[in-house]
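[1] generate coordinates for the sequence data below:
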Amino acid sequence: MFGFFKYKKQEAQIKRAIQEFMQSGMSLHDAITRHLVELNDSLGLGLSEPVIRLTANTVSSLSSRMDADNVVEIYATVLYRYVFRNGTVATPERLDEARFSYAIEHLNLAERGGYYVVKPDFGKDIDLKYPPKR
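    Below is the predicted model of the structure:
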């Protein structure tokens, strides 16, 4: 239960940041890009420009099927799961770009009455789908 509240708090912060960028005249795509660049810089995630662009392109393209608010929630879910590892990591370490890209390219969405969510995964699903290099 605590994890859910932690996620909702983080989601609200992300929504607020994206809304501020959009109110300043940015498109949804540009707002997501800027947010991810700032997050990457502040946390030292090590994401390259192509991976940031892939993320912004993939997530913002969802606006053809859903409203901007829903897109931002999908983006927040991706960050929570694959950057903050479902809330188990307070300060994420440098990310494996291949694994993060895989997660972005293989987003599994479920529609629930016109509203979309990222389908739940179990445990460290990204580790099962794309094991770390050895």
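
[2] every contact and neighbour count from this point should use C-alpha atoms.
    Noted.

[3] so where is the protein shaky, pLDDT-wise?
    1-3, 86-91, 121-134 (pLDDT under 70).

[4] and the longest helix along the chain, what does it pack against?
    Counting by DSSP state H, the longest helix found in the chain is helix 2-23. Where contact means 3 or more Cα pairs under 8 Å, 6 or more residues apart in numbering; DSSP states H and E, helix 2-23 is packed against helix 28-43, helix 68-78.

[5] those into a markdown table, with extra columns for distance to residue 112 and mean neighbour count?
    Formatted as a markdown table, the helices and strands packed on helix 2-23 follow (distance: least, Cα to Cα, whole Å; neighbours: other Cα atoms under 10 Å):
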| stretch | distance to residue 112 | mean neighbour count |
| --- | --- | --- |
| helix 28-43 | 23 | 18 |
| helix 68-78 | 12 | 20 |
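
[6] rebuild the ones you listed as JSON lines, extending it with distance to residue 50.
    Listed next are those as JSON lines, based on distance: least, Cα to Cα, whole Å:
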{"stretch": "helix 28-43", "distance to residue 50": "11"}
{"stretch": "helix 68-78", "distance to residue 50": "17"}
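
[7] what's the closest of those to residue 8?
    Nearest to residue 8 among these is helix 68-78 (9.2 Å), distances taken as Cα to Cα.

[8] and the next helix or strand past the closest one?
    Moving toward the C-terminus from helix 68-78, the next helix or strand (DSSP states H and E) is helix 97-105.
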